[in-house]
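Enquirer: This is a predicted model, with the sequence first.
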Amino acid sequence: MADYTLYYSQCTPACSQPCLMADCPMSSNRRSCVNHFSHKHPLRPIKVEAEEELICSGCGLDLSGSALKCSKSNCEFILHKSCFNLEPVLQHNYHPDHPLTLLSTPPKYYRNKLFICDACGDHGTSFDYHCSSCQLDLHVGCAFSPKTMNHVDHQHPLTLFYSSSCNRGNDNVTFICDVCNEVVPKKHWVYYCEKCDYGTHLLCTIPAC
């Protein structure tokens, strides 16, 4: 998925040769760069502060800490280190029949270059775990949702369910999010506390510190 070839970040624009160590005239200023399938330029490691308010080009979420940024000064492409290291093929319990393939952008035949996440119902424009056989799509963040979550507004851990029916065997039950008070469609994932009959959308769940 990633090419860990070293490049000279200080070389002339025409130089794209793998690092030859002492043979490069700029060897005293070397900085390691890596390639990633989702971007045409090499990326270099950086540290991002939360105050910079940067957004990951892969998952679309806020970015801070270890990251990899495009080595070109006029390109804003940047990834979480964790997004850089994502598995190219994912076996997910939600969709056990087929593997999900990591795409850098939605499939070309999708309208408006958007996909709709089958977990949360929100759209996405960048990284997409995709099943081509079933036209199924997951945001990166949704794909790796933890099985249990401590939510800020509830005293018990919430359990992740891959349907708002919460495996209760009654398709006539309507699930209403206890945070936003909106109805959650049956096919969308939720976090739920069976003891208290309390639950939320994925997007309404706020992890407790």
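Expert: Right, received. Where do you want to start? Numbering: from 1, shown residues only.
Enquirer: Which residue would you name as the spatial centre of the chain?
Expert: By CA atoms, centre = their mean, the mean C-alpha position of the chain lies nearest to V140, the distance being 2.8 Å.
Enquirer: any idea how far F115 is from that one?
Expert: Look at V140 and F115: by CB to CB, to the nearest Å, they are 12 Å apart. Glycine gets a C-beta too; all of them are placed from N, C-alpha and C.
Enquirer: With F127 instead?
Expert: Look at F127 and F115: by CB to CB, they are 10 Å apart.
Enquirer: and if you look at H130?
Expert: Distance from H130 to F115, by CB to CB: 7 Å.
Enquirer: follow-up on the earlier one: contacts only, for the residue nearest to the centre of the chain.
Expert: 58-59, 83, 86, 102, 127, 129 (CB atoms under 8 Å, 6 or more residues apart in numbering).
Enquirer: Okay, and which of those residues map to helices?
Expert: Among these, the residues falling in helices (DSSP state H) are C83.
Enquirer: From the contacts of V140, pick the one nearest H95.
Expert: Each of the contacts of V140 was scored against H95 by CB to CB, and Y129 proved nearest at 9.1 Å.
Enquirer: how many neighbours does the closest one have?
Expert: 30 (other CB atoms under 10 Å).
Enquirer: got it, and H139?
Expert: A count of nearby residues for H139, using other CB under 10 Å, gives 26.
Enquirer: what's the answer for the one 5 residues further on, then?
Expert: As a burial measure, F144 scores 15 neighbours (other CB under 10 Å).
Enquirer: T200 now?
Expert: T200 has 23 nearby residues by other CB under 10 Å.
Enquirer: How about the one 3 residues further on?
Expert: Using other CB under 10 Å, L203 has 19 neighbouring residues.
Enquirer: same check, this time on K108
Expert: K108, neighbours per other CB under 10 Å, totals 7.
Enquirer: Could you do K195 as well?
Expert: Neighbours of K195 (other CB under 10 Å): 8.
Enquirer: which among the contacts of V140 gets closest to G65?
Expert: C83 (11.8 Å).
Enquirer: mind listing what the nearest residue to the closest one once chain neighbours are set aside touches?
Expert: Among residues not flanking C83 along the chain, G58 sits closest, at 3.8 Å (CB to CB, 6 or more residues apart in numbering). Taking CB under 8 Å, 6+ apart, we find G58 in contact with 38, 79-80, 83-84, 86, 104, 126-127, 140.
Enquirer: What values do phi and psi take at G58?
Expert: Dihedral angles of G58 (phi, psi; degrees, to the nearest 10) stand at phi -90, psi -60.
Enquirer: remind me which residues of the chain are low pLDDT?
Expert: Along the chain, the model assigns pLDDT under 70 to residues 1-31, 168-171, 209.
Enquirer: report the longest strand in it, please.
Expert: strand 39-48 (DSSP state E).
Enquirer: packing partners for the next helix or strand after that strand?
Expert: For strand 39-48, the following helix or strand on the C-terminal side (DSSP states H and E) is strand 54-55. If you count contacts as 3 or more CB pairs under 8 Å, 6 or more residues apart in numbering; DSSP states H and E, strand 54-55 packs onto strand 62-63.
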